[in-house]
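A.B. asks: The following comprises the amino acid sequence and a computationally predicted model.
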2 protein chains.
Amino acid sequence: MATLKDVARLAGVSVKTVSNVVNGYSFVKADNRRRVEEALEATGYRPNLGARNLRRGRTGFIALVLPELSIPYFAELAGLVIAAAQEHEWNVLIEQTFGTLAGERSALASLGPHLVDAAILSPEALQVDDFQLSVPAVLLGEHAIDVPISRVGIDNVAAAQAAVRHLISLGHRRIAAIGAHPHRGTAFLRLEGYRAALAEASLPFVDELVVPALNYHRADGAAAMKTLLDLRNPPDAVFCFNDLLAIGAMRAAAERFVRVPQDLAVVGFDNNEESVYSSPSLTSVAPDKGAIARAAVDLLHRRAESRDSALEDVETPFSLQVRESTVAR
Amino acid sequence: MATLKDVARLAGVSVKTVSNVVNGYSFVKADNRRRVEEALEATGYRPNLGARNLRRGRTGFIALVLPELSIPYFAELAGLVIAAAQEHEWNVLIEQTFGTLAGERSALASLGPHLVDAAILSPEALQVDDFQLSVPAVLLGEHAIDVPISRVGIDNVAAAQAAVRHLISLGHRRIAAIGAHPHRGTAFLRLEGYRAALAEASLPFVDELVVPALNYHRADGAAAMKTLLDLRNPPDAVFCFNDLLAIGAMRAAAERFVRVPQDLAVVGFDNNEESVYSSPSLTSVAPDKGAIARAAVDLLHRRAESRDSALEDVETPFSLQVRESTVAR
DNA sequence: CATCGTTGTTCCAACGTTGTAAAGACTGAG
DNA sequence: CTCAGTCTTTACAACGTTGGAACAACGATG
């Protein structure tokens, strides 16, 4: 593989002059520039990023720490983050934590400053004092833990409230919630929005209608839904804290021959592509994932450039996509 | 951030001795080893991977080049590849090509040997003469293009044949296929399996029942299914070349009030998690994704260690998961 | 003609690590 | 006590790059 030295020898100039050409330094004689460019072409030179970054003190990578790529929301988000990072000549390193405290801690520990320039974190279990970071970082979605790190995400309370308001506006009165979680920040906020929507419609908050989910997988949604359907007085609508839970819930309903939306309205959260094509299609809170990815990467880029470290809290837009699970075709 | 030099100063030994301890070199006096280890602990030393790799001539990264993370199959696979790579102390760099020739070429071009030690490729559009790789590589799934690169994947012909045999065994006679594609290797092979299954049952191959799909997204499956349902004599079963196409097809069927599986049996390919929870759940060819990920990474590891470059062709197992889309509950 | 500023090029050092070779310390045998 | 052999540590160079200083060439200015 060609190095600067090889190119320099071929062009008959010094290594530094080649480096200057490569880096677009202005004061290079047209003649030399041409010769260097030809030599670059001839050798197929590509800079050794390791060496460059060693010298520059950067790595050219950012970390994206998330629970699991097999969760569609994170897969879609990861794709968008990769695209956004490319704009800033960053490569993305994905670390999966599987939502466990141990996984998240070990991911954080491996994030030395020589591995990545910055990190995007989507933690689920981390405690306040785990956040001893050696690189600029941004949190996705969490607004519940109080920690001095910038955040990007939607207003979870407002979003959840909008979802439940929608159910109320359709005439539902016994509305369940699936996805309560003892440590998860977003779960807390979405429950808050659920409560708020009930309160403003003067509907009672019923304990048995709030079902926890340890993970947010389809199986958890199905299990939770079965619990709800077994109640003496089952709900006529359910707000699920993500789309996977909702898909699982709809599946469980179908297995009990409960019709959606006639007998049970369902709303999800995340607006996965999957939810557009399910039968029935799923009404869902749709965060602007592209905006989240861009905002997070841009924020880190600003922070990495200038050493100032003002905390930022970027609120990205969301919308409610109404589909068949709440309103029949 | 602590460097070897800092640790050495603290422990009162040379830089190299610290390096020796870090790398588990045997001949270090117990006393010094202890002092160094304490100093390592005290400084929280973590090796600078860039520098280490510069010196060692490795990068510590492998590339995973795939169409799109928002496609569940690739998202799941990526997660498994990341896990498998961790075993060999490799980090995974994901490049998305969006299935375009330009995207794949640019991804390949960016794969200099100083960026990654090896690459896992899942190409869709690449031509034979695009494969000028400067690092060890392995192809996923493609057995159609003839190119001197190792491959890992299932026997696509046999898998497709098994799927269509299953439909035939259920009594279906007018079986369609969705997903034909002019350049995609796997599409070609799956079509081959479809043909073979028809042939062995002495069923005719009917042109109008084979519908192409440019992309393999849900929307393409829905569009293709509409075409089939518009035929004067629509099929009573359909084999889709991936699960997304099948999900789209089932959605299109539902919109026309065609019942699955009573009026139309559907088989997919990939066995996405999504397909277990759809209504009806989807019968699907299930490649062992974990085996694919492990085989690919292990193969690259062997190749990267020893400089020998024997071509390998690893065939991983698959199974047919029968669900409601072909057999009612 | 000396001085100056501008433009263009080169040399040197350094980023943090590890392989090599050489030097130093210790052991046991002669 | 010397020597060879083994164990242990160190100095040095190098990986490929770039910032900074130094240097060289040049025309313009006084």
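C.D. replies: Sure, I can see it. Residues are numbered from 1 along each chain as shown, chains lettered A, B, ... in the order given.
A.B. asks: where along the stretch 101-250 of chain A do the strands fall?
C.D. replies: In the stretch 101-250 of chain A, the strands defined using DSSP state E, counting those that start in this stretch lie at A:118-121, A:137-140, A:150-153, A:175-180, A:210-212, A:237-240.
A.B. asks: for stretch A:303-317, how far is the first residue from the last?
C.D. replies: This stretch, stretch A:303-317, spans 22 Å end to end (CA to CA, to the nearest Å).
A.B. asks: Would you mind finding the most buried of the strands of the stretch 101-250 of chain A?
C.D. replies: strand A:237-240 (a mean of 31; mean count of other CB atoms under 10 Å in any protein chain shown). No exception for glycine: its C-beta is placed from N, CA and C like everyone else's.
A.B. asks: That strand and chain B in contact?
C.D. replies: No - Strand A:237-240 stays clear of chain B (CB under 8 Å from any CB of the partner chain), getting no nearer than 12.9 Å.
A.B. asks: now do stretch A:263-276
C.D. replies: Yes - remark: stretch A:263-276 sits within contact range of chain B at A:273-274, A:276, by CB under 8 Å from any CB.
A.B. asks: for stretch A:127-136, same thing?
C.D. replies: Yes - applying CB under 8 Å from any CB, one finds stretch A:127-136 touching chain B at A:S134.
A.B. asks: Run through who's touching that stretch.
C.D. replies: A:101, A:104-105, A:108, A:111-113, A:116-119, A:137, A:145-149, A:300, A:303-304, A:309, B:1 (CB atoms under 8 Å, 6 or more residues apart in numbering or on different chains).
A.B. asks: Quick one, which of those residues are buried?
C.D. replies: Neighbour-count burial (16 or more other CB atoms under 10 Å in any protein chain shown) applied to these gives A:104-105, A:108, A:111-113, A:116-119, A:137, A:145, A:147, A:149, A:300, A:303-304.
A.B. asks: Which members of those occur in helices, if any?
C.D. replies: Of these, the ones assigned to helices by DSSP state H are A:104-105, A:108, A:300, A:303-304.
A.B. asks: And the spatially closest residue to A:G221 that is not a sequence neighbour, how close does it get to B:A328?
C.D. replies: Residue nearest to A:G221 in three dimensions, not counting chain neighbours: A:G248, with 2.7 Å by CB to CB, 6 or more residues apart in numbering or on different chains. Separation of A:G248 from B:A328 (CB to CB, to the nearest Å) stands at 21 Å.
A.B. asks: what do you get for A:L66?
C.D. replies: 38 Å.
A.B. asks: More neighbours: those two, which one.
C.D. replies: Higher neighbour count among A:L66 and B:A328: A:L66, with 28 against 11, using other CB atoms under 10 Å in any protein chain shown.
A.B. asks: from what I can see A:L69 touches A:A75, true?
C.D. replies: Yes - between A:L69 and A:A75 there is a contact under CB atoms under 8 Å: 5.2 Å.
A.B. asks: any common contacting residues for the two?
C.D. replies: Joint contacts of A:L69 and A:A75 (CB under 8 Å, 6+ apart) are B:69, B:75, B:78.
A.B. asks: so of these, which ones are in helices?
C.D. replies: B:75, B:78.
A.B. asks: For the stretch 201-329 of chain A, just list every one of the helices.
C.D. replies: For the stretch 201-329 of chain A, applying DSSP state H, counting those that start in this stretch gives helices covering A:218-229, A:243-255, A:274-277, A:289-305.
A.B. asks: Just list what the last one packs against, helices and strands only.
C.D. replies: Think helix A:289-305. helix A:72-87, strand A:118-121, strand A:137-140, strand A:150-153, strand A:313-315 (3 or more CB pairs under 8 Å, 6 or more residues apart in numbering or on different chains; DSSP states H and E).
A.B. asks: mind checking how far whichever helix or strand comes after the first one is from the chain centre?
C.D. replies: This means helix A:72-87. For helix A:72-87, the following helix or strand on the C-terminal side (DSSP states H and E) is strand A:91-96. The chain centre lies 12 Å from the centre of strand A:91-96; the measure is CA atoms, centre = their mean, to the nearest Å.
A.B. asks: again, but for stretch A:261-281
C.D. replies: 21 Å.
A.B. asks: Give the buried residues for that stretch.
C.D. replies: Applying 16+ other CB under 10 Å to stretch A:261-281 flags A:261, A:264-281 as buried.
A.B. asks: mind listing which of those are in strands?
C.D. replies: In this view, these that belong to strands under DSSP state E are A:265-269.
A.B. asks: re earlier: export the helices and strands packed on helix A:289-305 to a markdown table and append columns for mean pLDDT.
C.D. replies: Putting these into a markdown table (pLDDT from 0 to 100) gives the following:
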| stretch | mean pLDDT |
| --- | --- |
| helix A:72-87 | 95 |
| strand A:118-121 | 93 |
| strand A:137-140 | 92 |
| strand A:150-153 | 94 |
| strand A:313-315 | 93 |
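A.B. asks: Can you tell me which of those is nearest to DNA strand C?
C.D. replies: Ranking the helices and strands packed on helix A:289-305 by proximity to DNA strand C (CB to the nearest atom of the strand) places strand A:118-121 first, at 18.0 Å.
A.B. asks: and that closest one, C-alpha only, in CSV?
C.D. replies: C-alpha atoms of strand A:118-121 as CSV (Å, rounded to 0.1, in the frame of the first residue of the first chain):
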residue,chain,number,x,y,z
ALA,A,118,-17.6,11.1,20.8
ALA,A,119,-20.5,8.9,21.7
ILE,A,120,-24.3,8.7,21.3
LEU,A,121,-25.9,6.8,24.1
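A.B. asks: Got phi/psi on the closest residue to A:L54 other than its chain neighbours?
C.D. replies: Nearest residue to A:L54, sequence neighbours excluded (CB to CB, 6+ apart): B:G50, at 4.7 Å. When read as degrees, to the nearest 10, the backbone of B:G50 gives phi -60, psi -50.
A.B. asks: Look up the pLDDT of B:G50 for me, please.
C.D. replies: Among the per-residue scores, B:G50 shows a pLDDT of 85.
A.B. asks: What number of residues are in the vicinity of A:P317?
C.D. replies: Using other CB under 10 Å: A:P317 sits among 12 other residues.
A.B. asks: repeat for A:E312
C.D. replies: 14.
A.B. asks: For it, list the residues it contacts.
C.D. replies: Counted by CB under 8 Å, 6+ apart, A:E312 has contacts A:150-151, A:299.
A.B. asks: What residues of stretch A:34-43 count as buried?
C.D. replies: For stretch A:34-43, a neighbour-count test (16+ other CB under 10 Å) marks A:35-37, A:39-40, A:43 as buried.
A.B. asks: Ok, stretch A:321-329 next?
C.D. replies: Buried-residue list, stretch A:321-329, by 16+ other CB under 10 Å: A:321, A:323-326.
A.B. asks: I'd like those as JSON lines, with distance to chain B appended.
C.D. replies: JSON lines is the format used below for the buried residues of stretch A:321-329 (distance: CB to the nearest CB, whole Å):
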{"residue": "A:Q321", "distance to chain B": "15"}
{"residue": "A:R323", "distance to chain B": "12"}
{"residue": "A:E324", "distance to chain B": "10"}
{"residue": "A:S325", "distance to chain B": "11"}
{"residue": "A:T326", "distance to chain B": "16"}
